[in-house]
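Enquirer: Model the following, please.
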Amino acid sequence: MATFIMLGKYTPQALADLSPQRTDKAVALIKKYKGELVSMYAALGENDLVLILEFPGVEEAMKASIALTKMSGIAFNTSPILPVEEFDKLTAKL
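Expert: Have a look, this model is predicted:
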């Protein structure tokens, strides 16, 4: 499984539809695309939501990101991430 960070920004539509039920729907949607929610945080500043997710690959992450935006109205920016230890191994011989 690959790890991804998903950063979300509320739109006016997304703010109008806030609810614990929408969060449950989002988690179910992530699972629909073979993903696993590692952690989810509300944030202040440039981003309103931070999700750490695992997916089998980029295609599943991309589908989930688009489906979550359509379902919630939240604008998501999704990127693959690596633990620093793995990054250090990849770059050790550069």
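
Enquirer: Buried residues, the longest helix seen in the chain. List them.
Expert: Residue-count comparison of every helix in the chain, with assignments taken from DSSP state H, identifies helix 58-72 as the longest. Neighbour-count burial for helix 58-72, counted by 16 or more other CB atoms under 10 Å, picks out 60-61, 63-65, 67-69, 72. No exception for glycine: its C-beta is placed from N, CA and C like everyone else's.

Enquirer: Let me know the closest of the residues you listed to R22.
Expert: Out of the buried residues of helix 58-72, the one with the shortest distance to R22 is S72. That distance is 6.1 Å, counting by CB to CB.

Enquirer: Show me which residues of the lowest-mean-pLDDT helix or strand in the chain are buried.
Expert: Lowest on mean pLDDT, DSSP states H and E among the helices and strands of the chain sits helix 12-16, with a mean of 91. Using 16+ other CB under 10 Å as the test for burial, helix 12-16 gives A14.

Enquirer: now the helices: where do they sit in this structure?
Expert: So, for the chain - with DSSP H - the helices run 12-16, 20-32, 58-72, 84-91.

Enquirer: Tell me which of those helices sits nearest to E46.
Expert: helix 12-16 (15.5 Å).

Enquirer: Any chance you could list what contacts the least confident helix or strand of the chain?
Expert: For helix 12-16, the external contacting residues (CB atoms under 8 Å, 6 or more residues apart in numbering) are 72-74.

Enquirer: switch to 10 Å and redo it
Expert: By CB atoms under 10 Å, 6 or more residues apart in numbering, the surrounding residues in contact with helix 12-16 are 8, 10, 22, 48-49, 69, 72-75.
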